[in-house]
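Asker: no FASTA, just this:
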């Protein structure tokens, strides 16, 4: 999962509309996650992505086995199941009381949530944390997301209105 931390300032002018502000932020986060799923996630499965996103090194035997059986060296893809399942759709859940949106994607049984340790049957201690690898962002992508969030939230807050400074000319 990707978490965003948004620091707000100047909200004092918007007293009484905290729920509206949370709704605006959640709308923006949903838009950002859908855009990430459609545009950025695909880049993780392209050749050369292991260098860009700094994936854990795979053994030479694994790479040779993959190339021999399936004829490719594409990162994060062995049979193609992972790419097919996570690329299919993302389910978004908005938390109404907090400015937070959680996105979930289906994945094969060997894919555990990002950051979780390997446990249970079928997992070896050497298995890379593919959940974290899939959700990794480059600094450039993160900066683009930050700009998008700032622009869309400020646009939403302007639509909301607020106290405006009025000046009078005194003769």
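Answerer: Nice, I can see it. On a predicted model such as this, the values are computed, not experimentally measured, just so you know. Numbers count the residues shown, from 1 in each chain.

Asker: in this protein, what spans have low per-residue confidence?
Answerer: 1-17, 112-126, 161-168, 171 (pLDDT under 70).

Asker: please enumerate the strands of it.
Answerer: Here the chain has its strands, by DSSP state E, at 90-95, 100-105.

Asker: buried ones in the first one?
Answerer: Buried residues in strand 90-95, counting neighbours by 16 or more other Cβ atoms under 10 Å, are found at 90, 92, 94. C-betas here are computed from N, CA, C, even on glycine.

Asker: as JSON lines, the strands of the chain with distance to residue 38 would be great.
Answerer: Supplementary listing: these in JSON lines, determined by distance: least, Cβ to Cβ, whole Å:
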{"stretch": "strand 90-95", "distance to residue 38": "9"}
{"stretch": "strand 100-105", "distance to residue 38": "12"}
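
Asker: so for residue 50, which of those strands sits nearest?
Answerer: Smallest distance to residue 50 across the strands of the chain (Cβ to Cβ): 20.1 Å, for strand 100-105.

Asker: show me what the closest one is in contact with.
Answerer: With contact meaning Cβ atoms under 8 Å, 6 or more residues apart in numbering, strand 100-105 is reached by 1-3, 26, 29-30, 33, 37, 85-86, 88-95.

Asker: thought residue 55 was touching residue 128?
Answerer: Yes: here residue 55 reaches residue 128: they are 6.8 Å apart, a contact under Cβ atoms under 8 Å.

Asker: comparing these two, which shows the higher neighbour count?
Answerer: Taking neighbours as other Cβ atoms under 10 Å, residue 55 and residue 128 compare with residue 55 leading, 19 against 14.

Asker: quick one: contacts for that one?
Answerer: By Cβ under 8 Å, 6+ apart, residue 55 lies in contact with 49, 75-76, 128, 133.
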